[in-house]
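S.K.: Below: sequence and its predicted model.
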Amino acid sequence: MGRTFLMNPTAAPAGAPPPPAPIPPQIPYIIGNEGCERFSFYGMRNILVAFLVSSLLLDLPAGDRAGAAKDVFHTFVIGVYFFPLLGGWLADRFFGKYHTIFWLSLLYCLGHLCLALFESHRTGFYVGLSLIALGSGGIKPCVSAFVGDQFDQTNKHRAKVVFDAFYWSINFGSFFASLLMPIFLKRFGGAVAFGIPGVLMFIATLIFWLGRKRYILVPPTQADPHSFLRVAASALRAGRPGQILAGFGLLVALGSFLLVPTAGFVVAFCLGFVALLTFGGLGVWIQLEGARGRHPDAAIDGVRSVLRVLVLFSLVTPFWSLFDQKASTWVLQADAMTKPEWFQPSQMQALNPLLVMVLIPFNNLVVYPALLKFGIAPTALRRMTAGIALAGLSWVVVGGMQVVLDGGQAFSIAWQILPYALLTLGEVLVSATGLEFAYSQAPASMKGALMSFWNLSVTIGNLWVLIVNAAVKNATVTGWIKTTGFGVTAFQMFFFAAFAFAAAAAFGFFARRYREVDHYRRA
């Protein structure tokens, strides 16, 4: 399912019945827009690898197509979760949420049109993917916040109902897109299979535009003199140790571009970005007290809270490495399994949104109350630790299945239900918990920064996939893998499982020493 994180920090006080108030009449336009947009996004995303392998990359040697398709897919996902930085900045500083959503949605539609028109032209197709990444990523930080803008003190208690409907519309659109688009791809080809999501995106944009005279439009805000970046810059100016660390990060970032000829621009750029975040963040941390006097104490403490949460976010990145490969590596594995003639490997992804809609209420109504009865508090950090470990377990299962397939024994695609269930349970524990936890750990002025960093954790998770894919193309690495007795694909699966288990152990260790704070707005 999509990683749209919705919270309701404006709930009415306990014991006080909320006054009667209708749901704002403009809300159906936003929910209708979101349902169609999510259908369009997952409709094209979930058939992308299958299309690349079977159509667009046919000029490559057969053994290279799967790896090339995975590279394209994860590069696309990196863009989707990097461009929220741009979209949020444009909305907050210049155009407001409505205009940012509308104009980026038109680019989004143009991207779908490129996919349909250039199904056999690689450059045109990749331009379409770039436009979709810009449009989808750019509107991502704006839409849920735009929903919140439609409520005020008189009807804020109705927001939970709307957010629930909003969340279900995401999963509803994702489920049917995952189920239907692989069939259209097989029967009618890429032009139709990518054209239908394009039509849905146009309808989504039209629905959104039709409500334009009804929306509450919150104007862009002025630059905050005590924002995360401004406080961080003041800290770095306060002393030499932090400046040396930040300077070293800059040198590493510049040096990463030497990798462009071998690893590609995206990998080099993302590695440089990670270096800047890591060493710049360390520099800010050790000199943060030097910014006191230039900024309020609350802003200083807020930056420290964000930096502490960033350590947790960095340990979540391996989870996204595993999660997003269900639309690439797992689809390629499913293609080698036995299945009914009418069933397409990409359709297995419909299990994810279906299970999400089942597991969230099941956890809340059954699992968490049961744990409390046994004296185990399902805190946010414990849930996230378990979620990362469950993702690792799901990859142990698919790795075992890959070993059987590599041995020449075919078996039913139905066996993939088990790893899908484990991975989706992990998603619910990590994805539905992570941002809500982070929201509570930062003051209001820093919550936007945390949303951006959460999206970047998905980008970095997909970066690890590209790096591993590049590594296994090296003859020395593949030669060593052969000595282990595993095929390259099976070895990668067990590697990612171990990656997740190590991240879960580190996350749990850090979580036990993490001192939680509470920055929810007071009623």
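M.R.: Here it is on my side, so go on.
S.K.: How about stretch 507-516, which residues are buried there?
M.R.: For stretch 507-516, burial by neighbour count (16 or more other Cβ atoms under 10 Å) applies to 507-508, 510-511. (Each C-beta comes from the backbone N, C-alpha and C, glycine too.)
S.K.: could you dump these to JSON lines with distance to Pro220?
M.R.: Formatted as JSON lines, the buried residues of stretch 507-516 follow (distance: Cβ to Cβ, whole Å):
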{"residue": "Phe507", "distance to Pro220": "37"}
{"residue": "Gly508", "distance to Pro220": "41"}
{"residue": "Phe510", "distance to Pro220": "37"}
{"residue": "Ala511", "distance to Pro220": "37"}
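S.K.: tell me the least confident of those?
M.R.: Taking the buried residues of stretch 507-516 together, the minimum pLDDT is found at Ala511 (88).
S.K.: from memory it sits against Ala386, does it?
M.R.: No: contact criterion Cβ atoms under 8 Å: Ala511 and Ala386 do not qualify, at 11.0 Å.
S.K.: Just the ones in strands from the buried residues of stretch 507-516, please.
M.R.: Applying DSSP state E to these, no entry is found in strands.
S.K.: In the residues you listed, find the pair that's most separated.
M.R.: Gly508 and Phe510 (7.5 Å; Cβ to Cβ).
S.K.: got a list of what Pro241 touches?
M.R.: Pro241 is in contact with 283, 286-287, counting by Cβ atoms under 8 Å, 6 or more residues apart in numbering.
S.K.: Quick one: the helices in the stretch 51-200 of the chain, in order.
M.R.: Applying DSSP state H, counting those that start in this stretch to the stretch 51-200 of the chain gives helices spanning 62-82, 84-90, 96-117, 122-149, 159-188, 190-210.
S.K.: possible to save these as CSV with mean neighbour count?
M.R.: Below are those laid out as CSV (neighbours: other Cβ atoms under 10 Å):
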stretch, mean neighbour count
helix 62-82, 20
helix 84-90, 20
helix 96-117, 21
helix 122-149, 21
helix 159-188, 20
helix 190-210, 21
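S.K.: mean pLDDT for these: which is lowest?
M.R.: helix 159-188 (a mean of 83).
S.K.: Which strands and helices lie in contact with it?
M.R.: helix 27-51, helix 122-149, helix 190-210, helix 351-362 (3 or more Cβ pairs under 8 Å, 6 or more residues apart in numbering; DSSP states H and E).
S.K.: Can you say which of those is nearest to Phe176?
M.R.: helix 27-51 (6.5 Å).
S.K.: report the angle between the axes of that closest one and helix 190-210?
M.R.: Calculated by axes from the mean of the first three to the mean of the last three Cα atoms, to 10 degrees, helix 27-51 forms an angle of 160 degrees with helix 190-210.
S.K.: what comes up buried for helix 27-51?
M.R.: 27, 29-51.
S.K.: Which other helices and strands does it contact?
M.R.: Against helix 27-51 (3+ Cβ pairs under 8 Å, 6+ apart) you get helix 62-82, helix 96-117, helix 122-149, helix 159-188, helix 190-210, helix 329-335.
S.K.: hey, where'd the strands end up in the stretch 401-523 of the chain?
M.R.: Assigned by DSSP state E, counting those that start in this stretch, the stretch 401-523 of the chain shows no strands.
S.K.: remind me which residues of it are low pLDDT?
M.R.: 435, 439, 444-445, 517-523 (pLDDT under 70).
S.K.: If we use 80, what do you get?
M.R.: 432-451, 515-523 (pLDDT under 80).
S.K.: give me the number of residues near the closest residue to Met401 other than its chain neighbours?
M.R.: Nearest non-adjacent residue to Met401, counting by Cβ to Cβ, 6 or more residues apart in numbering: Trp415, 6.0 Å away. Trp415 has 16 neighbours, counted by other Cβ atoms under 10 Å.
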